[in-house]
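>>> My questions concern the predicted model and sequence given below.
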Amino acid sequence: TGPFTVTEFRPNDVITLAANENYREEGKPAFATVTFKGGGDATAAGRAVLETGEFDYAWNLQLAPDVLASMEAAGKGKVIADFGTSVERIMINFTNVDPALGEERGTAKHPHPFLTDKAVRQALSMAIDRALLTEIGYGPAGTPTCNVLPAPAIYASDANDDCLVQDIDGANALLDAAGWMPGPDGVRAKDGVRLSMLYQTSTNAVRQDYQALIKDWWEQIGVETELKNIDASVFFGSDPGSPDTFQKFFADVEMYTNNFDGTDPESYMANWACAQAPRPETQWQGHNMGRWCSEEYEKLIAEMAVTGDINERARIAKAQNDMLMQEYVMLPLTHRGRVSAHGNTLGGVVMNVWDSELWNIADWYRVKSN
């Protein structure tokens, strides 16, 4: 029933659409075909719209503000942005990903040797300067956050704002008190276990800037940090045979952005259900990347499923967010605006962060040049 139908789908490459001759509005859509080009990176996508004019629309332009401004200065297109629910976060792995564990690697059968210690997770959070990261990475298209559920406003908690202030000294004191003591090389250890981590994310200039800064801060608190970046088409792919997908999560921590369409967070907050943990039995599919599991959280999911009153739903959603934050199941960093761009010859585009950006593609049209 939509304005277009799929005529060809080549994974990790191109999707071709054709106008639906049975579309309900006469004279729409304005275009006979649509070509989606996948893969690549944000820089190439931005240039294809803003500098060369080869494409009409570029989605998810996770680029530094000065880079976007330089591209837009070429005069072929316009950058558009708005805030929804996107949060760049560091996910914590609660399982052991030691290759020696074989088929049981990264499963709940083997807890992580040190990230199951809440003091370690909390110290990692305390060491981060979220304001600096956001300023460098997003400028006005981002704001520091301590919540994984930052919007709509009725669901946004103010109970976790302590994370907005970096506290290196406090993080060091917390690790001292927990018995993680620096060794001769400066790396903390306890009972023969060293605080040494692999930190992975997708290949993206902004994310690599984040990684470099966070690595420095973590090493200031005695946590050895190895960085890894993976091509986005692989990292966000779903190949169960690949060791490098964000679902398989064969690293100690990983960074990416997630969000939800629409304005109701029930399904999104249910992503941290125990059964959502990716594992061999599910072909490594699922949304609970860190494999965290809590009976108390399961009760909140069940309560939300049978609650209709909007204010009660807001209370439950805040409780879910606060549990995730106060257990340091993940470390939210930046509430990201959704940033895209369209060519000057493409009209009818209306950014809607609560839905697919193609929500009104039936109304897009070609602007006649003068």
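That came through fine.

>>> Doesn't K78 lie inside a strand?
Yes - read with DSSP: H, G, I helix; E, B strand; the rest coil, K78 is one of the residues of a strand.

>>> can you give me the helices for the stretch 1-150 of the chain?
Counting by DSSP state H, counting those that start in this stretch, one finds helices in the stretch 1-150 of the chain at the ranges 42-50, 65-72, 118-126, 130-137.

>>> Which among the ones you listed is found nearest to K368?
Nearest of the helices of the stretch 1-150 of the chain to K368, taken as CB to CB: helix 42-50 at 18.9 Å. All C-beta atoms are positioned from the backbone trio N, CA, C, and that covers glycine.

>>> list the buried ones in that closest one?
A42, A45, G46, R47, A48, V49, L50 (16 or more other CB atoms under 10 Å).

>>> Surely the last one touches K76?
It refers to L50. Yes - counting by CB atoms under 8 Å, L50 does reach K76; the two are 5.8 Å apart.

>>> CSV for the buried residues of helix 42-50, including pLDDT and distance to G142?
CSV is the format used below for the buried residues of helix 42-50 (pLDDT from 0 to 100; distance: CB to CB, whole Å):
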residue, pLDDT, distance to G142
A42, 91, 14
A45, 95, 19
G46, 96, 17
R47, 96, 22
A48, 96, 23
V49, 97, 21
L50, 97, 20
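
>>> which of those residues lies closest to D129?
Comparing the buried residues of helix 42-50 against D129 with CB to CB places A42 closest, at 23.5 Å.

>>> ok, now which ones touch the closest one?
The contact partners of A42, by CB atoms under 8 Å, 6 or more residues apart in numbering, come to A58, N60, L61, Q62, L63, N204, A205.

>>> In strands, which of those appear?
In this view, the contacts of A42 that belong to strands under DSSP state E are A58.

>>> Just send the contacts of A42 back as a markdown table, with neighbour count, pLDDT and distance to T85 too.
Conversion of those to a markdown table gives the following (neighbours: other CB atoms under 10 Å; pLDDT from 0 to 100; distance: CB to CB, whole Å):
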| residue | neighbour count | pLDDT | distance to T85 |
| --- | --- | --- | --- |
| A58 | 24 | 97 | 21 |
| N60 | 16 | 89 | 14 |
| L61 | 23 | 92 | 18 |
| Q62 | 24 | 89 | 16 |
| L63 | 25 | 90 | 20 |
| N204 | 22 | 92 | 20 |
| A205 | 15 | 92 | 24 |
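
>>> Test for you: state the pLDDT assigned to N370.
At N370, the model reports a pLDDT of 60.

>>> rewinding a little: nearest to G290, of the helices of the stretch 1-150 of the chain?
Of all these, it is helix 118-126 that lies closest to G290, at 10.2 Å by CB to CB.

>>> contact partners of that closest one?
In this structure, residues lying in contact with helix 118-126 by CB under 8 Å, 6+ apart are 90, 92, 114-115, 163, 166-168, 170-172, 174-175, 177-178, 180, 195, 218, 221, 223, 253, 327-328, 331.

>>> Mind listing the shared neighbours of L50 and K76?
By the contact definition CB under 8 Å, 6+ apart, L50 and K76 are jointly contacted by no residue.

>>> So the closest residue to Y57 other than its chain neighbours: helix, strand or coil?
Leaving out its chain neighbours, the residue that sits closest to Y57 by CB to CB, 6 or more residues apart in numbering is H342, at 4.9 Å. Here H342 is recorded as strand under three-state DSSP.

>>> H342 and E25, how far apart?
Relative to E25, H342 is positioned 21 Å away (criterion: CB to CB, to the nearest Å).

>>> tell me which element the residue nearest the centre of the chain falls in.
Centre of the chain computed as the mean C-alpha position; nearest residue by CA atoms, centre = their mean is T257, 1.0 Å away. Assignment of secondary structure by DSSP states H and E places T257 within strand 253-258.
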